[in-house]
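Novice: please work out how this folds:
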Amino acid sequence: TYGFTVAEDGRKMSKSLGNSPDPIELMQKYSADGVRVGMLICSPAGNDLPFDESMPEQGRNFGNKIWNAFRLAQQWQIDTTIPQPEHSKLAAEWFDSVLSDALNQVEDDFNKFRISEALMEVYKLFWDHFSASYLEVVKPAFGSPVDKATYDQTIAFFDKLLRVLHPFMPFITEELWQLIEERKEGESIMLAP
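Specialist: As a prediction, the model looks like this:
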């Protein structure tokens, strides 16, 4: 059984009925990744999806969150002479555990073809745990440098998060994956484990 995308009046959306949005216009307004995430996050397998333009907007906002988290880490100045603070070490240990648990859940969701649930798990992992918690704990005080261990751990976490986000958001993840470290010619996140 599969569901349909339905209009606000509950009727199936179709081009012939003239009640469906133009996907090209949606992509221009919200990005292709934003439209993908918006549609996937709200569409459990087999259920109808009542379309609302706030869905691709939510996807676009998630892409902005990812980009802003990347920019935050990239602007940190690294000081190799300072030790890693205890709070940063504990935060990295905590997030590593949360990430491991989430990846196991995502794997289980994929194996059971629960794509929407897998995306929601990754969405919460990135938004709530990585951005709102981990980055807030480890980010250096304004104008202060970050220790190298914390920076390296943050970039390693970001790399893993981009890999797990890639099936849902292929464009932003490829772009950021290419930027977080130097890659070989032709290397792509699509082929990364």
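Novice: what about the longest helix in this structure?
Specialist: Longest among the helix segments of the chain by residue count, using DSSP state H, is helix 86-111.
Novice: check which helices and strands that one is in contact with.
Specialist: For helix 86-111, the elements it packs on are helix 115-124, helix 136-138, helix 148-165, judged by 3 or more Cβ pairs under 8 Å, 6 or more residues apart in numbering; DSSP states H and E. To be clear about C-beta, it is placed using only N, CA and C from the backbone, and glycine gets the same treatment.
Novice: nearest the geometric middle of this protein, what residue?
Specialist: With the centre of the chain defined as its mean C-alpha position, the nearest residue by Cα atoms, centre = their mean is residue 165, 4.9 Å away.
Novice: so how far is residue 80 from it?
Specialist: The spacing between residue 165 and residue 80, counted by Cβ to Cβ, to the nearest Å, is 30 Å.
Novice: now swap in residue 168 and tell me
Specialist: When distances are taken as Cβ to Cβ, residue 168 and residue 80 turn out to be 36 Å apart.
Novice: give me the more crowded residue out of the two.
Specialist: Looking at residue 168 and residue 80 with other Cβ atoms under 10 Å, you find the greater number of neighbours at residue 168, namely 20 against 9.
Novice: how about the more buried one, secondary structure?
Specialist: Per DSSP: H, G, I helix; E, B strand; the rest coil, the secondary structure class of residue 168 is coil.
Novice: residues touching it, list them.
Specialist: Under the criterion of Cβ atoms under 8 Å, 6 or more residues apart in numbering, the neighbours of residue 168 are 33, 36-37, 40, 119, 122.
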